[in-house]
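Visitor: 3D model of this:
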Amino acid sequence: MELSRPKIEICCFNVQSVLIAEKAGADRVELCANYLEGGTTPSFATIKLAKERSNIAIHVIVRPRGGDFYYSDVEFDVVKQDVMMCKEMGIDGVVLGFLTPDGHVDIQKCIEISELASPMSINFHRAFDKVHDPFIALEDIINLGFGRILSSGLKPKVTQGIDILKELLDKANDQIIIMPGSGINANNIASIHKKLNAQEYHLTAKRFISSKMQFNNPEVQFSDHPELNDNSIIEADLVEIQKVISALS
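Guide: This is a model prediction of the structure:
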């Protein structure tokens with residue numbers, strides 16, 4: 001039976017969050033590591049346990065490091081090995097993106113990965129938001145056979161890039177899924193959907209929970225992020241996900 005609402009993908013940074021997203025009724029998760037770098041490839045064990053302990057569809061981000069999306073030969077070899085690992089574990093899809101130094105889609109790398117990853121779903125992540133021309137990039141990615149593009153409309157948040165997203169959705173014309181993501185929450189999802197009417201939406205729906213450590217040396221901090229520091233842990237928020245689904249239903 002077809003869903004009466006758009007699909008919801010939750011960006012998860014640990015196995016616990018995958019289980020929470022599934023319990024909350026999400027349709028799919030994007031599994032990542034390194035929230036502070038915008039997401040990098042999670043560990044083998046994280047992917048394996050997420051697959052074994054849940055029944056939700058899983059897409060794994062394959063990004064060998066933070067920073068830009070122009071990769072050296074060695075970095076691209078890492079990507080290929082990680083894609084093969086995901087394929088061997090029966091993962092539903094991979095999420096990746098390659099750019100040339102002048103800000104265009106790296107066609108050759110995408111072709112190589114597409115052939116390697118098949119039959120998994122192949123999805124272009126927010127490297128798209130760094131391209132020189134989004135409409136040229138859109139045509140390239142469609143021609144390459146990718147399943148979807150994750151984008152905030154070349155702006156930090158969907159609410160800021162909503163006009164470009166609307167244009168992309170119109171030009172895509174069901175040839176590829178344009179999945180808005182970044183800054184989406186239960187308070188704005190209904191108004192965003194009214195404007196875009198997208199098939200899928202991507203959000204983190206995160207919360208920061210307090211560490212259970214009773215002692216913490218105040219002289220040493222490994223993160224200076226105001227919320228995600230040594231005394232907190234990132235986790236998917238079950239209630240927030242349920243509110244998002246309810247707002248779309």
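Visitor: quick one, strands of this protein?
Guide: Secondary structure of the chain, counting by DSSP state E: strands at 7-12, 28-31, 57-61, 93-96, 121-124, 148-151, 177-180, 200-203, 206-210, 232-236.
Visitor: so which of these comes closest to residue 245?
Guide: Distance to residue 245, taken as C-beta to C-beta, is lowest for strand 7-12 among the strands of the chain, at 6.1 Å. Glycine gets a C-beta too; all of them are placed from N, C-alpha and C.
Visitor: can you pull the buried residues of that closest one?
Guide: Buried residues in strand 7-12, counting neighbours by 16 or more other C-beta atoms under 10 Å, are found at 7-12.
Visitor: pLDDT and distance to residue 89 for those - can I get that in a markdown table?
Guide: Formatted as a markdown table, the buried residues of strand 7-12 follow (pLDDT from 0 to 100; distance: C-beta to C-beta, whole Å):
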| residue | pLDDT | distance to residue 89 |
| --- | --- | --- |
| 7 | 98 | 22 |
| 8 | 98 | 23 |
| 9 | 98 | 19 |
| 10 | 98 | 20 |
| 11 | 98 | 19 |
| 12 | 98 | 16 |
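Visitor: Going by distance to residue 47, which of the residues you listed wins?
Guide: Nearest member of the buried residues of strand 7-12 to residue 47, counting by C-beta to C-beta, is residue 12, at 11.2 Å.
Visitor: I'd assumed residue 21 was in contact with the closest one.
Guide: Yes. The pair residue 12 / residue 21 is scored as a contact, 5.8 Å apart, by C-beta atoms under 8 Å.
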